[in-house]
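K.L.:
curious how this folds, go ahead:
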Amino acid sequence: MLKAQVESLPIHVQKVETCGAWTQADRAGYYRVVVVDVHEGAGSEIYVQWLTQPTQERRSELVRTLAFPELNDDHSQYAIQEMRCRKVGSGIEIAIKAQYEHDTMEKTHAIRVLVKAAGTYAISGMARGSQRR
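P.N.:
Got it, this is the predicted structure:
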């Protein structure tokens with residue numbers, strides 16, 4: 001039924017995963033994590049979106065998109081090789097395996113991103129040179 005929509009996805013979209021539910025006042029929905037390749041695969045960017053659950057009266061809609069400047073920095077690029085997401089409390093935890101472009105030796109970093117329902121987040125496991133102060 002949706003073959004044309006799937007075929008029209010941009011080539012640089014690497015992965016889309018839904019995980020966990022959120023509620024806010026009179027709305028409810030789910031989280032969607034999107035990983036995209038940048039610069040012809042030289043690195044990756046990651047985003048979390050809040051989408052509403054569709055009802056008989058309303059279609060699903062995008063409420064918010066959260067970017068991570070610490071990870072989505074074209075001067076300090078990560079190449080995401082693996083990403084998994086799981087519900088944690090009222091938020092989500094994203095487990096990422098990625099390589100950092102400025103490492104002198106090939107190394108895989110295990111990065112964890114904890115996103116709370118309100119949109120705040122904490123990141124751990126980043127390469128030392130890529131962490132903002």
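K.L.:
what segments of the chain are strands?
P.N.:
13-24, 27-38, 43-52, 62-67, 78-88, 91-100, 109-115, 121-124 (DSSP state E).
K.L.:
buried ones in the third one?
P.N.:
So the one you mean is strand 43-52. Gly43, Ser44, Glu45, Ile46, Val48, Gln49, Trp50, Leu51, Thr52 (16 or more other Cβ atoms under 10 Å). (C-beta placed from N, C-alpha, C; glycine too.)
K.L.:
go on, the fourth one?
P.N.:
By neighbour count, with 16+ other Cβ under 10 Å as the criterion, the buried positions of strand 62-67 are Leu66.
K.L.:
low-confidence bits of the protein, can you list those?
P.N.:
41, 128-133 (pLDDT under 70).
K.L.:
swap the cut-off to 50 and go again
P.N.:
Within the chain, the stretches with pLDDT under 50 are 132-133.
K.L.:
residue contacts, Asn72?
P.N.:
Glu45, Ile46, Tyr47 (Cβ atoms under 8 Å, 6 or more residues apart in numbering).
K.L.:
one more pass at 6 Å, please.
P.N.:
Neighbour list for Asn72: Glu45 [criterion: Cβ atoms under 6 Å, 6 or more residues apart in numbering].
K.L.:
could I get the strands of the chain as CSV with distance to Met1?
P.N.:
Formatted as CSV, the strands of the chain follow (distance: least, Cβ to Cβ, whole Å):
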stretch, distance to Met1
strand 13-24, 18
strand 27-38, 20
strand 43-52, 19
strand 62-67, 21
strand 78-88, 26
strand 91-100, 28
strand 109-115, 31
strand 121-124, 35
